[in-house]
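**Student:** here are the coordinates; sequence isn't available:
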């Protein structure tokens with residue numbers, strides 16, 4: 001095969017029939033930047049029906065075109081029909097790269113169509129770069145428990161396929177282009193050949209305190225926490241700051257806080273105005289999940305890796321520093337109340 005025969009980049013638009021998944025919009029915004037570098041056109045691929053209001057949001061991300069696929073087999077997500085659609089489309093249009101949000105569904109069908117196309121699939125990349133000498137995309141992600149950053153390429157095969165964890169990139173629409181190409185395809189898949197059936201769907205009962213991805217302030221507690229009894233002071237600090245509490249993986253492993261509060265590559269990617277960490281060592285797979293306007297770290301070890309990432313670092317006992325912050329915030333509240 002000739003790599004020059006493959007052009008343009010695609011983003012799979014995951015949706016529930018009503019709303020496009022945030023990760024799809026994030027990918028469109030990031031891939032706009034990458035396509036401006038490579039000279040490729042950016043296409044959003046939509047399987048099934050999506051309201052016009054949502055396609056307008058996709059257009060605002062600066063895409064060059066939409067590939068709209070209709071037919072049987074897309075009434076609910078299933079790996080068989082979805083993988084077949086991307087296989088058929090890819091063989092017809094020869095895209096250079098296809099990007100899929102790293103959701104449960106995305107991780108399921110992306111490698112399926114990749115193997116059908118005899119190409120590779122990179123998972124959970126944290127950064128995307130273009131190598132002008134080779135024409136390859138570099139998928140950059142933590143490896144070996146976060147000790148190194150691996151650079152993965154697909155040097156010979158096309159298309160280059162990758163899944164990207166939700167929250168990795170910012171949703172920053174650049175505005176719709178004056179003219180956007182619309183390609184309509186009819187690709188049907190025999191419903192009897194679908195090997196799974198949609199029986200029922202019961203949504204999670206979402207606790208607002210567990211939704212930390214876009215909280216304005218996060219107080220993150222790491223493995224330096226002695227035990228669960230010492231956790232209450234950090235909850236109090238988060239409340240005083242109008243924020244929410246989060247944790248690193250060791251606290252989830254110890255059963256102190258639930259998985260939904262775990263921050264990092266294997267947990268939640270967060271975007272926040274203020275990020276306060278206490279007793280966090282600073283492993284790459286944790287810090288890669290943080291996008292903060294202001295990052296303050298507290299740790300008793302002056303050589304802790306976390307101090308390489310924060311804006312301000314405090315060397316000291318995490319409990320003592322937290323208590324001091326609480327007292328200062330209470331004093332400030334009392335002063336305001338007296339005015």
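**Tutor:** Yep, that arrived. As the structure is a prediction and not an experimental result, all values here were calculated from the model. Numbers count the residues shown, from 1 in each chain.
**Student:** and residue 268, what are its bridge partners?
**Tutor:** Note on residue 268: beta-bridge partners residue 263, judged by DSSP bridges.
**Student:** residues in contact with it?
**Tutor:** Neighbouring residues of residue 268 by CB atoms under 8 Å, 6 or more residues apart in numbering: 167, 212-213, 246, 260-262, 289. C-beta coordinates here come from the backbone N, C-alpha and C atoms, glycine included.
**Student:** any figure for the gap between it and residue 312?
**Tutor:** 23 Å (CB to CB, to the nearest Å).
**Student:** swap in residue 60?
**Tutor:** From residue 60 to residue 312 the distance is 36 Å (CB to CB).
**Student:** do residue 65 as well
**Tutor:** Taking CB to CB, one finds residue 65 at 45 Å from residue 312.
**Student:** same deal with residue 56?
**Tutor:** Distance of residue 56 to residue 312, computed by CB to CB: 41 Å.
**Student:** so the chain: which segments form each domain?
**Tutor:** Following automatic domain parsing, one gets these domains for the chain: 3-193, 208-338.
**Student:** out of these, which comes closest to residue 202?
**Tutor:** Residue 202 lies closest, by CB to CB, to one member of the domains of the chain: domain 3-193, at 14.2 Å.
**Student:** can you show me the helices along the stretch 151-300 of the chain?
**Tutor:** 232-240, 249-253, 284-287 (DSSP state H, counting those that start in this stretch).
**Student:** counting contacts, what elements does the first one pack onto?
**Tutor:** It refers to helix 232-240. strand 217-221, strand 244-247, helix 318-338 (3 or more CB pairs under 8 Å, 6 or more residues apart in numbering; DSSP states H and E).
**Student:** out of the ones you listed, the one nearest residue 255 is which?
**Tutor:** strand 244-247 (11.1 Å).
**Student:** any idea how far the closest one is from the middle of the chain?
**Tutor:** When distances are taken as CA atoms, centre = their mean, to the nearest Å, strand 244-247 is centred 18 Å away from the chain's centroid.
**Student:** show the average pLDDT along that strand.
**Tutor:** For strand 244-247, the mean pLDDT works out to 94.
**Student:** repeat for stretch 290-297
**Tutor:** 93.
**Student:** in that stretch, which residues are buried?
**Tutor:** By neighbour count on 16 or more other CB atoms under 10 Å, the buried set for stretch 290-297 is 290, 292, 295-297.
**Student:** those strands in the stretch 101-250 of the chain, which residues are they?
**Tutor:** Counting by DSSP state E, counting those that start in this stretch, the stretch 101-250 of the chain has strands at residues 121-125, 127-131, 136-143, 148-152, 160-164, 181-186, 217-221, 244-247.
**Student:** what about the domains of the chain, which gets the closest to residue 201?
**Tutor:** That would be domain 3-193 among those, by CB to CB, at 8.7 Å.
**Student:** centre of the chain to that closest one, how far?
**Tutor:** 14 Å.
**Student:** measure that domain end to end?
**Tutor:** One end of domain 3-193 sits 33 Å from the other (CA to CA, to the nearest Å).
**Student:** in this structure, where is pLDDT below threshold?
**Tutor:** 144-147, 204-207, 339 (pLDDT under 70).
**Student:** and with 80 instead?
**Tutor:** 1, 142-149, 201-210, 214, 265-266, 284-285, 337-339 (pLDDT under 80).
**Student:** circling back: ok, which of the helices and strands packed on helix 232-240 comes nearest residue 163?
**Tutor:** Nearest of the helices and strands packed on helix 232-240 (CB to CB): strand 244-247, 23.6 Å.
**Student:** can you list the neighbours in contact with the closest one?
**Tutor:** Here strand 244-247 makes contact (CB under 8 Å, 6+ apart) with 209, 211-212, 215, 217-222, 231, 234-235, 238, 256-257, 261-263, 268, 270.
**Student:** so residue 162 sits against residue 126, correct?
**Tutor:** No. Under the contact definition of CB atoms under 8 Å, residue 162 does not touch residue 126, with a separation of 11.0 Å.
**Student:** more crowded one of the two?
**Tutor:** Comparing residue 162 with residue 126 by other CB atoms under 10 Å, the one with more neighbours is residue 162, at 25 against 19.
**Student:** that one bridge partners, please.
**Tutor:** residue 99, residue 122.
**Student:** need the winner for burial among the helices of the stretch 151-300 of the chain.
**Tutor:** helix 284-287 (a mean of 23; mean count of other CB atoms under 10 Å).
**Student:** tell me how far it lies from the chain's centre.
**Tutor:** The answer for helix 284-287 is 14 Å, by CA atoms, centre = their mean.
**Student:** what helices and strands are in contact with that helix?
**Tutor:** Packing contacts for helix 284-287, counted by 3+ CB pairs under 8 Å, 6+ apart, involve no helix or strand.
**Student:** one step back: closest to residue 92 out of the helices of the stretch 151-300 of the chain?
**Tutor:** The nearest among those, by CB to CB, is helix 284-287 at 38.3 Å.
**Student:** so what touches the helix or strand containing residue 82?
**Tutor:** Using DSSP states H and E, the element containing residue 82 is helix 79-93. Applying CB under 8 Å, 6+ apart, the external contacts of helix 79-93 come out as 8, 12, 45, 47, 67, 69, 72-74, 98, 105, 108-109, 112-113, 116-117, 159, 185, 187, 189, 193-196.
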